[in-house]
Structures are given as C-alpha cells and as structure tokens.
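Enquirer: pasting the structure only:
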C-alpha cells in the first residue's frame, strides 16, 4: 500500500524565534519530532489546544512556515518526494495544485478587490490545469455542490457581498477547484455561528467524499472533527499525544490528556431557585444612530441577585447591544432598566458613581481590554483608587487579595499583560471587575477566545466567585455548552427579540419553538454520524412540511 | 443614485465651495497688504488729485465686499483684470504660461509616476534586500539634493560632459511638439529626480502594509510568484494611499517649481508669479493664486475620486 501513502512526515522539528518583552530573543521549538502519515482519500483530524502546533504541522504539508517559523528537521514527503528542503520554484508547483488550504477566516483570506470567481479559479489557471471557460464551469459545479445560492452568478460577486458562511464554502470551492490530492482545513468552521457551522460542515464533508480528496482537518473542537475525520491525532505542546480511529479516540481514549479533552464541557450547574431581581429590563428597544432599524425590540428580562442570566444568540442577534444598553453606552429609545431598586438613567452621563461601580464588564478579548503598558497590579488597583480612594499599602494588600481570589498568587502584580497566558489575562480582567465590588458583572463572550480546558477553569472560577461575593452575572454567549455550565436563567435572542426566556430547566426542555430547536440541534455532539442524523432529520421535517 | 456617483458629486461640490472660500482668503490677504494700488501705479510723486481720480476710475473707493464680488464676477466670466505694471490682460498672459507650466508638469509626471510605481513595486518585492536598498538609497539622495544643485549638476553633465541638450529651456508659441520636448528635457529630468522618492517610498510602504494581510498568505499558498502576488493581490488594495501621495507631487509639479523655471529660464507660471510679487502687481498675484488653488483642489478631488472608485465596497454595494 506504499503507493497509497500521500503524505509521510517523519521526525518533523519546527522552530521559531520568540521575542519575550525585556529579554533577548530566544529560539523556541514548536514541534518536537512529530510523525504524520496520510493515505490517499483519507481524512486525518489534528486536534489540540492553541500552541499545540496543529496549524504549524498542517501548513508543513505545504512546506510553509507562517510568520518566520522554520521547518528545521525531519522529512516531509508528499507524493513520494521530499519537500521540506525543496526550493521556492518547486514549492510553487505543488502549492495550490497538489495541496490547497482553507483557513479559519475566509473573510480575511479573500482579496477584497477581486471577484470571487477570479480568485477561485486563479490557481487552476496559473498552474495551467485548464482553460478559463473550463475552470469556470468547474467552479460553478463546486459552488452548486457546496450549496451556495445562485451558483451560476455567485462568482461575479465581491467578498464583501456574501456572508461569512458563504465565504467559508467559497474558500472550500477554491481549494477543491484545481483537483488537489490534499486539502488542509484549518479550523474552517470555528468562526461561524453554530447554525451556520452545521451547514458548512455538511457541505465540506460531502465535497470531501465526492471528490475523494485527502484532508488534514485542524480544529480544537473534538465534536466537530468527529464528524469528518477517519482518524484523529491529538497534539499537545508540539508533541503527539495519541493517534487512533475516530471511534476509539472519542469512546476509548488511552491517554489522560485525551480523556480530559473528551470530558470537557461536561460541567453541570444546578440552577438556583427563583428570587427577586437585582436587574429588571422592561420593554427595552434600541437602535444605533444613523440606522433605520431596531437592534433590540421590546426586550424584557429579569436577573435575580447572585444568579446568572445567560443571553444566548448568534452574531447579530442583539445580545451585545443589550449589554451596551444596560451599561448606558447606547441609550434605549423605549423601555426601562431598574437596578438594585432604582431606575437607571438611560444615558451614561446621568448615572451616579455607584451606578457605574456596581455594574462591571468583562470582555471577550482580554488582550485588548487591558493597557499593555500597565502592570497587573496597576490594572487591578485602578478601580480601588477610583471608587474607594485606596492608596499605597492598603491598595496593594487588596490587589493581592483579589489575585488570590482568582488563583493567581504572588508575583503576578508586577507582571505585564504580555507575559500572561490567555486564561491568566481573562482572570486579571475578572479581578479588575471584582475590585469595584459590583452587584452585577456583564460577561460578554468571556470564554469564546479560550481553549476548552482553560475556558472550563474560568467558568469554575466565576461560579466560585459568585458563591463567595453574591454577584449576579449577565452572561452573553453563543455557546450552549457554556450556558448549561453556568446559567440559572436563559434568554434566547434572535434578531433583536427574546424568543424564549425562563428558568434554565424550562428553556432547555421540550417543547421548543422552531428557533431554539434549530439552535439546540445544531450544537455538535461527540458522536460519529451525528451530522448525518441531524441533516437527515431536517430533510425529513422540511419534506413533511 | 449609485453611491459612487453620489460621493463623487459630493466631493466636487465640496471642492467648489472650498475654491470659493480660498478666493475670499486670497482677496482678503491681498487687501490686508500695506500700500495702495493707485500709489503703486502713479509712484511717490503723484499728486493727491491724480491719486483720487485714479482711485475713482478703478473703483477702489467702493467697499471691499463690492470689489470682491466684482472681482469674483470677472473671474467667473474669464476676466481676471489687467496687470498694473504693463496693462496687459492677465487672463491672456496666464493662459500662455499655464500652457507651459502644464506641459512641463505633464512631461515630468508621465515619466516620474510610472517610474516611481515600478521602482516601488520592485523595492517591495525585494524588501530588505539589495535592490530595495539601492533604490531607496538613490531616491533618498535625489530628494535630499536642493533643486538648484540637482539642476546645475544635470546641466553640467548633459551639456558639458555629454553635450546632448541646451542649458536653457526656451519655448515659444508655434514651436513643434518634438522640439518643445527637446527643449524641456533637462528641467523634466530634474523634476523627475525631485518627486520620484516620495511617490516611490509611499508605493513601497503601502504595498508592504497590504502584504501583512491574510489574503496575501492565501496567494502564497496558491503557489503564485511573488511579483504576481504583489501585482494582482497587493497593489489593487494599496491604490488609495499611493494616489494621495502621487497627487500631492503632481500639484507640486504645477505650483512649486519656480526654482527650476528660473535656473532653466523657462517662461512659466511660477516665474510670472514671483516677478509680479516683487513688482507688487496685486491683480496678477490674486489671479495666479486662484489658479494654483484651483489646481491643488482639483487634483485632490481627483485623488479622492480615484480612491472611492478603487474601493470595491463602494463600487459594488451589497
């Protein structure tokens, strides 16, 4: 079967130069001698957390090192020939022809100044595989196969004229157009809404099956990769942890780390009994200036003191806008917001210092929510100075208390954000919010940018802090697993309206409304064949209607 | 209305408004200068009666606002007034010299703009390597030389060492196109050297900035050649910043080249303006100032329009 071996990577070593702040540059090894074998027509899933080296290994199949990364050791054989040491001219021949690439963000990966068709067939033409007319026919065929709307004219549009899910499919069409032997899918559905993800995933899977192309499928989501991969390789810190058939990995993992990945998100939270609200939102309607439509339509929800209200919805559903209305950044045109027994001024300028102090925010991107030139101590200490006038030793003591609360111990107060990991940065943001001694913290997608295991740690921390400090959370997320893990009440939002609202146990129990049903059934389950079942079920339902 | 057309109409309307404002500022500026036009014409020994008569005749006793609108009305109908020093029609004098100015500027632009773009693209393609360093070094050297030094150097080289051209760029009406071209060769070379660096460096910087984008990585992973990547994927997205700098330099070629005109004895608008400033010939200064402002505003509108048209989001709305 040796001639069936398409990709044969042995002892791959990948290095890069890192530039830690305030220190001389140093060499780091990202991948330590990894082996990858892939047969023709098979799909191998590469899974791991950020920093595991999965994208780096995936791109090595094109002998490409992103951002100064160097492939320094081992052999990479593609179609029987060594490519790690090949020259640029030889690499150009195989890139875009034998191996193609689908990135996480198709929106950024398409040239905004060119029509989609020109970009989709570009390699097919530049490698001299077909004439323009023939290539366009093939592209239209792929558009149709991938379920893109109006496949005949789709290519005439510019990237900004189609949606994110459609761009992701167009990028898949672009990768398949030159009839490659291998496609590298690098988190192709991670940036999509859950209801969009399922369609794109199904389209990708069908396209892989029909074209008999081999694929490396890179993701951090085991449930997603279980739908498309024949085999799964688990990576951590640039080393292979485990390799096995998909069934074996998800049902009988051999390594402890794989077991942790499989069982992640099984965090269960028992909802608290209904209680009087600390935050009451009544009939809030809001729109952004200069737009002709309401982003929030008559939203009414309550949040009991010391409990968690999860606001769930896809991008554009208005969930972050609700946070802006509560904080006073976007004054509602109608409706009333009552907080701790008093009516809040719609406008930020009309709010008292206590109004501001008692409502704090934590954001998705901890990176951009902190001043990179301030130490952790300064960042966490600022609310203490601002709201409580603390100074000197008293302030430092309180900062250390807060850092202990977020389980970060001594020595962190002197560090800068750039020296912290993603999870640690988010913890610092939590400490900063707690420093104001708030009654309500608005958490806007706070775990979305984090790896699953790290996200789990943050959720556990938030629950512990809630029990200690009796603070209420308005928890904005698109991730239903997170909702199960933390919520007492749930509001499902769709196009600015609350579609479903109540105690967690009621919202997550049938009978569902159509949208909640769609949302819940779109969350990938860690089960081989789940995708086919859902798609078949939906086809049956739509045929039944 | 198509959004591009709407934006273009807006820009042009704004430009006209701006030009009106500039005309007022020029008029006010000249008005605020010390001295008196009648005195300037008749000289120190004029009698008060003669001065008063002349003032009456020229309408100088009218309020400033009336005179401004009178002047503006003249401008709009193509009448820029007459020169104080020699009594000639200003519009006519400007017309001929403007032709010379535009001829020189166009020749310099036709060479320097494509050359700057090509050099910028080559420098970006080999960023940090020797072609980039040679191009950047040489253009930096030429922009650092004062214009008259560059001019005398070029004259020395191309009339003394290699006697190919005339050191004086004399043009006159009725001259054939090719002999005119031959006559302006030296000033054109000097102007190209002067404006090249700015445009080339902006081209290089704008392209390198775009080269950081994710879609450039996509193009690399498609196996395209580096020069294809720059030409097809980077350059179309770098047009707006490049155009704004190109236009600044074009405007400079029209309004800022008086030193070069003087060195080569080239009879154009810059010299005309400087001559009449020294003679305190205010109607001429006013008129030439307005023409220069119009050129600046017009070229900048052009840059805006090109940037708008180059943006696919505006050209092809959802």
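Expert: Sure, I can see it. All values derive from a computational prediction rather than experimental measurement. Numbering: from 1, shown residues only, chains lettered A, B, ... in the order given.

Enquirer: pLDDT weak spots in the chain?
Expert: Defaulting to chain A. The model of chain A has pLDDT under 70 over residues A:1-3, A:20-22, A:264-267, A:544-545.

Enquirer: wrong one, chain B
Expert: For chain B, the ranges with pLDDT under 70 are B:35.

Enquirer: quick check: closest non-adjacent residue to residue B:140.
Expert: What sits nearest to residue B:140 in space, not counting adjacent residues and going by C-beta to C-beta, 6 or more residues apart in numbering or on different chains, is residue B:197, at 5.9 Å. Heads up, the C-betas are built off the backbone N, CA and C, glycines and all.

Enquirer: and the helix or strand that contains that neighbour, what does it pack onto?
Expert: Assigned by DSSP states H and E, residue B:197 falls within helix B:177-210. Contact here means 3 or more C-beta pairs under 8 Å, 6 or more residues apart in numbering or on different chains; DSSP states H and E; on that basis helix B:177-210 packs against helix B:90-125, helix B:130-144, helix B:147-155, helix B:239-255, helix B:258-264.

Enquirer: can you lay out those as a markdown table showing distance to residue B:163?
Expert: Shown next, in a markdown table, are these (distance: least, C-beta to C-beta, whole Å):
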| stretch | distance to residue B:163 |
| --- | --- |
| helix B:90-125 | 21 |
| helix B:130-144 | 23 |
| helix B:147-155 | 11 |
| helix B:239-255 | 27 |
| helix B:258-264 | 16 |
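
Enquirer: now those helices in CSV, with mean neighbour count?
Expert: CSV is the format used below for the helices and strands packed on helix B:177-210 (neighbours: other C-beta atoms under 10 Å in any protein chain shown):
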stretch, mean neighbour count
helix B:90-125, 20
helix B:130-144, 15
helix B:147-155, 18
helix B:239-255, 21
helix B:258-264, 21
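
Enquirer: who are the neighbours in contact with the residue nearest to residue B:140?
Expert: Residue B:197 makes contacts with B:139, B:140, B:142, B:143, as judged by C-beta atoms under 8 Å, 6 or more residues apart in numbering or on different chains.

Enquirer: what's the most distant pair in those residues?
Expert: Across the contacts of residue B:197, the longest distance by C-beta to C-beta is 7.5 Å; it joins B:140 and B:142.

Enquirer: the closest residue to residue A:483 other than its chain neighbours and chain B, how far apart?
Expert: Closest residue to residue A:483 apart from its sequence neighbours, by C-beta to C-beta, 6+ apart: residue A:310 at 4.4 Å. Here the criterion is C-beta to the nearest C-beta, to the nearest Å. By it, residue A:310 lies 32 Å from chain B.

Enquirer: wait, is residue A:310 part of a strand?
Expert: Yes. The assignment for residue A:310, made by DSSP: H, G, I helix; E, B strand; the rest coil, places it in a strand.

Enquirer: from residue A:492, how far off is it?
Expert: Between residue A:310 and residue A:492 the distance is 9 Å, computed by C-beta to C-beta, to the nearest Å.

Enquirer: mind checking how far stretch A:241-251 is from the chain centre?
Expert: Taking C-alpha atoms, centre = their mean, to the nearest Å, one finds stretch A:241-251 lying 23 Å from the centre of the chain it belongs to.

Enquirer: repeat that for stretch A:499-517.
Expert: Centre-to-centre, stretch A:499-517 and its host chain are 24 Å apart (C-alpha atoms, centre = their mean).

Enquirer: how about stretch A:234-243?
Expert: 21 Å.

Enquirer: pull the residues that contact it.
Expert: Contacts of stretch A:234-243 (C-beta under 8 Å, 6+ apart): A:14, A:29-35, A:46-49, A:51-54, A:56-57, A:231-233, A:249, A:253-255, A:257-258, A:261.

Enquirer: and stretch B:83-99, by the same measure?
Expert: Here stretch B:83-99 has contacts from B:37, B:40-41, B:78-82, B:173, B:267-269, B:271-272, B:276, B:279-284, B:287-288, B:291, using C-beta under 8 Å, 6+ apart.

Enquirer: CSV for the contacts of residue B:197, including distance to residue A:208?
Expert: As requested, those are exported to CSV (distance: C-beta to C-beta, whole Å):
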residue, distance to residue A:208
B:139, 51
B:140, 53
B:142, 57
B:143, 56
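
Enquirer: among those residues, which one sits closest to residue B:48?
Expert: Using C-beta to C-beta, the contacts of residue B:197 come closest to residue B:48 at residue B:143, 54.4 Å.

Enquirer: that closest one contacts residue B:200, correct?
Expert: No. At 9.4 Å, residue B:143 does not count as touching residue B:200 under the criterion of C-beta atoms under 8 Å.

Enquirer: circling back to that earlier point, which of the contacts of stretch B:83-99 fall in helices?
Expert: B:37, B:40-41, B:269, B:271-272, B:276, B:282-284, B:287-288, B:291 (DSSP state H).

Enquirer: among the helices and strands packed on helix B:177-210, which comes closest to residue A:336?
Expert: When those are ranked by distance to residue A:336, counting by C-beta to C-beta, first place goes to helix B:239-255 at 46.1 Å.

Enquirer: neighbours of the closest residue to residue B:108 other than its chain neighbours, how many?
Expert: The shortest distance from residue B:108 to any non-neighbouring residue, by C-beta to C-beta, 6+ apart, is to residue B:191 (3.9 Å). By other C-beta atoms under 10 Å in any protein chain shown, 27 other residues sit near residue B:191.

Enquirer: any idea how far chain A is from residue B:191?
Expert: With C-beta to the nearest C-beta as the criterion, residue B:191 and chain A are 32 Å apart.

Enquirer: what residues does the stretch 1-150 of chain A put near chain B?
Expert: Contact residues, the stretch 1-150 of chain A versus chain B (C-beta under 8 Å from any C-beta of the partner chain): A:62, A:64, A:66, A:91-97, A:100-101, A:103, A:105, A:108-114, A:122-123, A:126-127.

Enquirer: swap the cut-off to 10 Å and go again
Expert: For the stretch 1-150 of chain A, the contact set with chain B under C-beta under 10 Å from any C-beta of the partner chain comprises A:59, A:62, A:64, A:66-67, A:88-89, A:91-115, A:118-119, A:122-124, A:126-127.

Enquirer: any of those buried? List them.
Expert: Burial by neighbour count, judged by 16 or more other C-beta atoms under 10 Å in any protein chain shown, picks out A:59, A:62, A:64, A:91-92, A:94-115, A:119, A:122-124, A:126-127 from the residues of the stretch 1-150 of chain A next to chain B.

Enquirer: next step: those restricted to strands.
Expert: A:99, A:100, A:101, A:102 (DSSP state E).
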